[in-house]
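Undergrad: Below are the sequence and a predicted model; questions follow.
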Amino acid sequence: MIDPARPPAAPLVAVLDIGKTNAKLVVADPATGEELWQETRPNRPLAGAPYLAIDAAAIEAFLLGALSNAPERERIGTIVPVAHGACGALVDEAGLVLPVMDYEDPVLEEVADEYRAERDAFAVTGSPFLPLGLNLGRQIHFLERRFPAAFARARHLMMWPQYLSWRLTDVAAGEVTSLGCHTDLWEPATGRFSPLALRRGWDRLVPPLKAAGDVVGRIAPGIAAATGLHPQTAVLAGIHDSNASFLRHRLARPKDEPFVVISSGTWAVLLASGVPVSGLSEDRDCLVNVDALGAPTPTARFMGGREFAAIAGEAPAPAGPGDLDRVLAAGAVAWPSFVAAGGPFPGRQGFVENGEGLDAAGRSALAALYIALMADTSLDLLGARGTVVIEGPFADNALIGPLLAGLHPGRSVALSRDRAGTVGGALALASGGRAPEPRLRAVEPISDPRLTALRSRWRTGPRVAVG
């Protein structure tokens, strides 16, 4: 029997991990870092919306159902929302005033030129001009221009993690890791809203700012009744997903130690510590994120999960060193880019050269080689130093880490042995930075002279399909 006046003993943490492709609930033990239970569903677009939109109601229903299904749910003491960037919700007291826009809607290109004329310079925001709606400011501009009556009803603009915390607690909050994630709304260097946000009055829609690890409130009574959670369950403000992966490594290392985290999933996001934010290449998808401690953080990105699938297929076969050897012997090369959503080679059409004879495992090896080459390029664009830590699905790939180490002799690469860096970052927030240290495994580089030659050729070779 739950005693509503007393918090749960030995509390667990529930992580609401909302990626671009999947929504997931993970229940974990903050003392050990162990993931005890999880439930996942694929995200689908909202049917009948006036533009491509995220089905927020379906995601909420899934999360509440998963919380209800979680074993020992009465022991959950803290909920941490974690979610992808370039996503915001416009709400009034009753809920959404407009559907939550999906940043991949091509309709956003219709306002590209007029929005470009209004946005601030890269030097101000550290936010490059990105395709579609990857700048959240372009989405807000579009919604305000096309749906002025509905937009005028909005009381708050919430980033995606804070929308979830609001739905659980009825308490509105803003937070900098999502505000500072290529939105065009934030100045990382000064820690304040951008001139664009001030000119358009969008800053007034953002609720009071909280730190990612701040408790915004306890779950609402209706949530407790619907899920069986303890009424004293606390909900944190929440955090941008790649920043969650980065946070636990920053907390585990000396303050001045340089390192890089590659957070992988639908996107590969490289966040670098210990290097300056000046000199980043705006036209090659480099930007300035803001980490959970408020520090400007040099970042590079490419849509790695999507590109890997474009080369290897949606159900890729396992690949090992023998498959890679056949790829190199055939002279097979994947040239960028396979997704028109930023990355270090924007505007280029990807294609495969000499890949006709590759079997499924060979295509997987070719895809791993491509991802390693893209990450290698991005690391150089950042001027990154120190150990490179790979998080997420790419850490489970047998070739990506060793290839990344082999492409640059002397580079230290480590693989996270934890299934999701986002969960580790969430546990760090829930524990005031005292979560278990990341479990890392150093990789042995693949040393092959053919890689050195390929690295040089790949950076200077063809960038468009032939014929």
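TA: Ah, there it is. Residues are numbered from 1 along each chain as shown.

Undergrad: what about the helices in the stretch 351-467 of the chain?
TA: Along the stretch 351-467 of the chain, the stretches classed as helices by DSSP state H, counting those that start in this stretch are 360-382, 400-407, 421-430, 449-460.

Undergrad: just the stretch 1-150 of the chain next, same as before
TA: Under DSSP H, counting those that start in this stretch, the stretch 1-150 of the chain gives helices at 56-69, 112-118, 122-125, 136-146, 148-152.

Undergrad: per the record, what domains does the protein have?
TA: 12-237, 242-460 (automatic domain parsing).

Undergrad: I'd like those laid out as CSV, including mean pLDDT and mean neighbour count.
TA: Glycine gets a C-beta too; all of them are placed from N, C-alpha and C. Converted to CSV, the domains of the chain look like this (pLDDT from 0 to 100; neighbours: other C-beta atoms under 10 Å):
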stretch, mean pLDDT, mean neighbour count
domain 12-237, 97, 20
domain 242-460, 93, 20
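
Undergrad: Residues in a beta bridge with residue 270, which ones?
TA: Using DSSP bridges, the bridge partners assigned to residue 270 are residue 262, residue 300.

Undergrad: if I pick it, what's in contact with it?
TA: Counting by C-beta atoms under 8 Å, 6 or more residues apart in numbering, residue 270 touches 260-263, 299-301, 375, 378-379, 382, 384.

Undergrad: Now with 7 Å, please.
TA: By C-beta atoms under 7 Å, 6 or more residues apart in numbering, residue 270 lies in contact with 260, 262, 299-300, 375, 378-379, 382.

Undergrad: swap in residue 60?
TA: residue 167.

Undergrad: try residue 411
TA: Taking C-beta under 7 Å, 6+ apart, one finds 388, 405 in contact with residue 411.

Undergrad: where's it relative to residue 384, distance?
TA: Using C-beta to C-beta, to the nearest Å, one gets 9 Å for the distance from residue 411 to residue 384.

Undergrad: what's near enough to touch the closest residue to residue 390 other than its chain neighbours?
TA: Nearest residue to residue 390 in three dimensions, chain neighbours excluded: residue 262, at 4.8 Å (C-beta to C-beta, 6 or more residues apart in numbering). Counting by C-beta under 7 Å, 6+ apart, residue 262 touches 268, 270, 375, 388-391, 394.

Undergrad: got a markdown table for the residues you listed, with distance to residue 202 too?
TA: Output for the contacts of residue 262, formatted as a markdown table (distance: C-beta to C-beta, whole Å):
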| residue | distance to residue 202 |
| --- | --- |
| 268 | 29 |
| 270 | 28 |
| 375 | 34 |
| 388 | 36 |
| 389 | 35 |
| 390 | 36 |
| 391 | 32 |
| 394 | 35 |
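
Undergrad: Return the member of the residues you listed nearest to residue 170.
TA: residue 391 (33.0 Å; C-beta to C-beta).

Undergrad: Look up how far residue 130 lies from the residue lying closest to that closest one once chain neighbours are set aside.
TA: Once flanking residues are discounted, residue 391 sits nearest to residue 421: 3.5 Å by C-beta to C-beta, 6+ apart. Noted for residue 421: a distance of 23 Å to residue 130, by C-beta to C-beta.

Undergrad: Check residue 431 too.
TA: The spacing between residue 431 and residue 130, counted by C-beta to C-beta, is 34 Å.

Undergrad: Ok, residue 217 next?
TA: Going from residue 217 to residue 130 by C-beta to C-beta gives 33 Å.

Undergrad: swap in residue 94?
TA: Distance, residue 94 to residue 130, by C-beta to C-beta: 32 Å.

Undergrad: the helices in the stretch 201-350 of the chain, which residues?
TA: 221-227, 241-252, 304-312, 321-330.

Undergrad: As TSV, those with distance to residue 76 would be great.
TA: Below are the helices of the stretch 201-350 of the chain laid out as TSV (distance: least, C-beta to C-beta, whole Å):
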stretch	distance to residue 76
helix 221-227	9
helix 241-252	18
helix 304-312	29
helix 321-330	43
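
Undergrad: Go through the ones you listed and name the closest to residue 284.
TA: Between residue 284 and these, the tightest spacing by C-beta to C-beta is seen for helix 304-312, at 15.1 Å.

Undergrad: so how far does stretch 78-91 reach from one end to the other?
TA: Using C-alpha to C-alpha, to the nearest Å, one end of stretch 78-91 lies 25 Å from the other.

Undergrad: quick one: contacts of stretch 333-347?
TA: With C-beta under 7 Å, 6+ apart as the test, stretch 333-347 has contacts from 130-132, 134, 283-285, 300-303, 306-307, 310-311, 348, 350-354, 366-367, 370, 374, 377-378, 381, 454, 458, 461-463.

Undergrad: No further queries at this time; thank you.
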